[in-house]
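Undergrad: Have a look at this fold, sequence not included:
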């Protein structure tokens with residue numbers, strides 16, 4: 001079956017529903033069919049060159065895969081990938097026979113094959129585009145990221161003698177050269193200036209990560225540096241972002257307007273693979289909408305395992321929705337699902353004499369503060385345990401007769417101190433009492449609001465570490481905490497104070513995917529659970545012996 005027949009079969013399959021496709025993928029196919037009808041009109045400014053499209057598609061199998069079970073096999077495009085190349089290379093402008101599309105916005109889930117596709121696309125344009133002294137860049141927020149695409153292209157070249165004879169590789173510079181002085185180069189926003197570039201092709205990798213001033217500056221310079229080129233092309237290949245991915249949101253919204261027919265731009269090709277808004281992300285029948293290659297380059301069992309983890313862990317759920325169903329996610333989400341939290345409701349045994357690590361979250365001095373303890377397991381597969389207590393001033397802003405505060409005070413989970421600010425002596429007394437019962441190894445405190453408190457702990461001979469409230473400090477322990485909860489290995493004993501916090505806690509995730517509890521977004525107080533997370537982080541650092549542990553004020557966190 002030739003490429004034209006495969007394209008027709010793919011188009012017919014999407015249109016008829018035989019191929020599982022999301023609405024945006026369907027719209028891309030509808031646009032192609034409408035364009036074929038438009039091209040029959042004498043007033044249409046473009047036409048379709050089937051010979052050029054077929055030649056471009058025939059280039060890809062000349063490349064050999066270099067990894068996993070595909071190593072040494074020809075790179076045969078999947079039908080949806082073939083559809084992309086067919087459109088990008090086949091449509092031309094009547095006025096000058098130059099390529100119609102100058103911009104391409106392509107989105108797909110992880111394991112679709114974006115890296116290999118981008119690398120092969122660059123090589124095809126490098127050798128077949130007919131551009132004088134082409135400058136082709138794979139651009140990313142960091143050069144280390146852009147090198148992934150470049151190195152894949154390098155492996156393609158090294159796998160074929162006819163390519164090695166035409167392309168010179170400068171590995172230390174991450175640059176490829178050919179006889180007409182054309183180049184392919186990896187480029188990162190962290191790599192210095194971008195003046196003087198004259199790109200013929202740019203592949204922008206993972207646009208959802210482009211956020212900083214330097215990154216946006218590189219984006220603008222590359223997008224505006226090709227005015228004199230006859231047919232430059234700028235290709236975005238990315239997965240979905242979140243509500244902080246401003247540049248990605250802008251570009252995606254514009255691409256969606258084109259697909260929905262709300263705007264017309266004959267220079268932009270848009271192809272977006274994602275599950276639809278109304279779809280349940282755990283419904284496996286929807287997954288091919290985001291990745292049509294399930295069963296080939298992606299494994300069903302891998303998706304199923306990830307989905308099972310995502311059901312219990314909100315961090316995994318957010319990542320699964322974003323990266324594997326290619327749907328936009330929020331940066332603020334519910335931190336701990338009920339189905340994971342209830343697994344930790346088992347009774348807590350006597351912990352007298354057990355090693356533990358603590359933390360104090362003073363919060364607002366005129367409101368709730370908390371002291372938390374975490375007890376590491378006695379064996380590799382053992383259980384973690386935690387305890388917490390909160391403190392509140394009698395004359396503070398909080399209504400102490402309101403529920404659940406009143407009940408928590410009555411049960412002793414919240415200690416009320418006299419005055420309009422929390423009496424830190426009460427917290428010290430609780431810590432001293434804990435030292436008498438347990439083997440308290442170390443404490444964590446936030447230096448921004450508890451520096452004096454930490455110094456007082458050091459004065460008592462307690463090893464005390466600074467713990468700033470940052471995503472860098474919280475990300476690893478919070479993700480590990482959620483995993484342990486989901487596995488039923490972190491026991492809170494159905495503590496009513498922590499149950500209240502669990503219902504309140506929201507998690508914030510930044511553009512880099514690092515997460516932490518959000519006091520601003522959380523509907524009510526979460527300080528006791530925050531103190532548990534801080535104590536858990538201190539326990540992990542202490543347990544792994546990443547640094548020495550002398551008595552005194554030490555810094556373990558960023």
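TA: Received it, and whenever you're ready, just let me know what you need. Treat the numbers as computed from the prediction; the structure is a model and nothing was measured.
Undergrad: mind listing the helices for the stretch 401-550 of the chain?
TA: 405-410, 424-437, 447-459, 471-486, 496-504, 527-544 (DSSP state H, counting those that start in this stretch).
Undergrad: Serialize these to TSV and add fields for mean pLDDT, mean neighbour count and distance to residue 399.
TA: Every C-beta, even on glycine, is put in place using the N, C-alpha and C of the backbone. Output for the helices of the stretch 401-550 of the chain, formatted as TSV (pLDDT from 0 to 100; neighbours: other Cβ atoms under 10 Å; distance: least, Cβ to Cβ, whole Å):
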stretch	mean pLDDT	mean neighbour count	distance to residue 399
helix 405-410	93	15	7
helix 424-437	94	15	20
helix 447-459	83	17	24
helix 471-486	93	20	30
helix 496-504	94	21	15
helix 527-544	92	24	17
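Undergrad: Tell me where the longest strand sits in this structure.
TA: Looking across the chain with DSSP state E, the single longest strand is strand 384-393.
Undergrad: wait, which of the helices of the stretch 401-550 of the chain is closest to residue 245?
TA: Proximity to residue 245 (Cβ to Cβ) singles out helix 471-486 among those, at 15.9 Å.
Undergrad: now for the helices of the stretch 401-550 of the chain, which one comes closest to residue 178?
TA: Of all the helices of the stretch 401-550 of the chain, helix 471-486 sits nearest to residue 178, with 43.0 Å by Cβ to Cβ.
Undergrad: For the residue lying closest to residue 419 once chain neighbours are set aside, name its beta-bridge partners.
TA: Leaving aside its chain neighbours, residue 419 sits nearest to residue 393 (5.4 Å; criterion: Cβ to Cβ, 6 or more residues apart in numbering). Beta-bridge pairing for residue 393 (DSSP bridges): residue 417.
Undergrad: Quick check: which element contains residue 89?
TA: According to DSSP states H and E, residue 89 maps onto helix 79-90.
Undergrad: buried set for that helix?
TA: 79, 80, 81, 82, 83, 84, 85, 86, 87, 88, 89, 90 (16 or more other Cβ atoms under 10 Å).
Undergrad: Now the residues you listed in a markdown table, please, with extra columns for distance to residue 96 and pLDDT.
TA: A markdown table is the format used below for the buried residues of helix 79-90 (distance: Cβ to Cβ, whole Å; pLDDT from 0 to 100):
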| residue | distance to residue 96 | pLDDT |
| --- | --- | --- |
| 79 | 31 | 97 |
| 80 | 30 | 98 |
| 81 | 28 | 98 |
| 82 | 26 | 98 |
| 83 | 25 | 98 |
| 84 | 23 | 98 |
| 85 | 21 | 98 |
| 86 | 21 | 98 |
| 87 | 19 | 98 |
| 88 | 17 | 98 |
| 89 | 16 | 97 |
| 90 | 16 | 97 |
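Undergrad: Poorly predicted segments of the stretch 151-300 of the chain, please.
TA: Confidence mapping of the stretch 151-300 of the chain against pLDDT under 70 gives the ranges 192-195.
Undergrad: For it, which segments count as helices?
TA: Along the stretch 151-300 of the chain, counting by DSSP H, counting those that start in this stretch, helices occupy 161-164, 213-223, 246-259, 287-290, 300-312.
Undergrad: Quick check: which of those is nearest to residue 459?
TA: Taking Cβ to Cβ, helix 300-312 is the member of the helices of the stretch 151-300 of the chain nearest to residue 459, at 42.6 Å.
Undergrad: Packing partners of the helix or strand following that closest one?
TA: Using DSSP H and E, the next helix or strand after helix 300-312 towards the C-terminus is helix 314-319. Where contact means 3 or more Cβ pairs under 8 Å, 6 or more residues apart in numbering; DSSP states H and E, helix 314-319 is packed against helix 300-312, strand 332-334, helix 471-486, strand 506-509.
Undergrad: Columns distance to residue 285 on top of the ones you listed, output as a markdown table?
TA: Listed next are the helices and strands packed on helix 314-319 as a markdown table, based on distance: least, Cβ to Cβ, whole Å:
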| stretch | distance to residue 285 |
| --- | --- |
| helix 300-312 | 12 |
| strand 332-334 | 25 |
| helix 471-486 | 25 |
| strand 506-509 | 28 |
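Undergrad: Ok, which of these comes nearest residue 106?
TA: Here helix 300-312 is closest among the helices and strands packed on helix 314-319 (Cβ to Cβ), at 20.6 Å.
Undergrad: Next, the buried residues of that closest one.
TA: For helix 300-312, burial by neighbour count (16+ other Cβ under 10 Å) applies to 303, 306, 307, 309, 310, 312.
Undergrad: For the residue nearest to residue 179 when sequence neighbours are not counted, give its distance to residue 177.
TA: If the residues on either side of it in the chain are set aside, residue 179 comes closest to residue 166, at 7.5 Å by Cβ to Cβ, 6+ apart. Relative to residue 177, residue 166 is positioned 10 Å away (Cβ to Cβ, to the nearest Å).
Undergrad: what do you get for residue 438?
TA: According to Cβ to Cβ, residue 438 stands 66 Å off from residue 177.
Undergrad: So for the two, which residue has more residues nearby?
TA: Just comparing residue 438 and residue 177: by other Cβ atoms under 10 Å the higher neighbour count belongs to residue 438, 19 against 15.
Undergrad: which ones are touching the more buried one?
TA: Counting by Cβ atoms under 8 Å, 6 or more residues apart in numbering, residue 438 touches 351, 352, 353, 354, 355, 356, 373, 375.
Undergrad: residue contacts, the last one?
TA: By Cβ under 8 Å, 6+ apart, the contact set of residue 375 is 351, 354, 355, 356, 384, 385, 386, 438.
Undergrad: how does it look with 7 Å?
TA: 351, 354, 355, 356, 384, 385 (Cβ atoms under 7 Å, 6 or more residues apart in numbering).
Undergrad: What is the burial count for the nearest residue to residue 75 once chain neighbours are set aside?
TA: Spatially, and ignoring its direct neighbours in sequence, residue 75 is nearest to residue 63 (4.4 Å; Cβ to Cβ, 6+ apart). Counted with other Cβ under 10 Å, the neighbours of residue 63 add up to 23.
Undergrad: dump the residue contacts of residue 63.
TA: Residues near residue 63 by Cβ under 7 Å, 6+ apart: 75, 120, 156, 160.
Undergrad: Can I get the buried part of the residues you listed as one PyMOL selection?
TA: A single PyMOL command selects the buried members of those (16+ other Cβ under 10 Å):
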select buried, resi 75+120+156
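Undergrad: ok, the contacts of residue 63 vs residue 293, which is closest?
TA: Proximity of the contacts of residue 63 to residue 293 (Cβ to Cβ) peaks at residue 75, which lies at 12.9 Å.
Undergrad: Figure out which of the helices and strands packed on helix 314-319 is closest to residue 103.
TA: Across the helices and strands packed on helix 314-319, residue 103 has its closest neighbour in strand 506-509 (29.2 Å, Cβ to Cβ).
Undergrad: Grab the nearest non-local neighbour of residue 229.
TA: Per Cβ to Cβ, 6+ apart, closest to residue 229 is residue 200, 5.3 Å.
Undergrad: ok, now residue 515?
TA: residue 509 (4.4 Å).
Undergrad: In this structure that neighbour contacts residue 321, no?
TA: No: judged on Cβ atoms under 7 Å, residue 509 makes no contact with residue 321 at a distance of 11.8 Å.
Undergrad: With neighbour numbers in mind, choose between those two.
TA: Each of residue 509 and residue 321 has its neighbours counted (other Cβ under 10 Å); residue 509 has more, 24 against 21.
Undergrad: Could I get the contacting residues of that one?
TA: For residue 509, counting by Cβ under 7 Å, 6+ apart, the contacting residues are 242, 318, 331, 515.
Undergrad: if you set the cut-off to 10 Å instead, what comes out?
TA: Listed by Cβ atoms under 10 Å, 6 or more residues apart in numbering, the contact set of residue 509 reads 242, 244, 314-315, 318-319, 322, 329-333, 471, 475, 515-516, 518.
Undergrad: Contacts only, for residue 490.
TA: Applying Cβ under 10 Å, 6+ apart to residue 490 gives the contacts 340-341, 343-344, 374, 377, 383-386, 480-484, 532, 536.
Undergrad: now do 6 Å
TA: By Cβ atoms under 6 Å, 6 or more residues apart in numbering, the residues touching residue 490 are 344, 384, 484.
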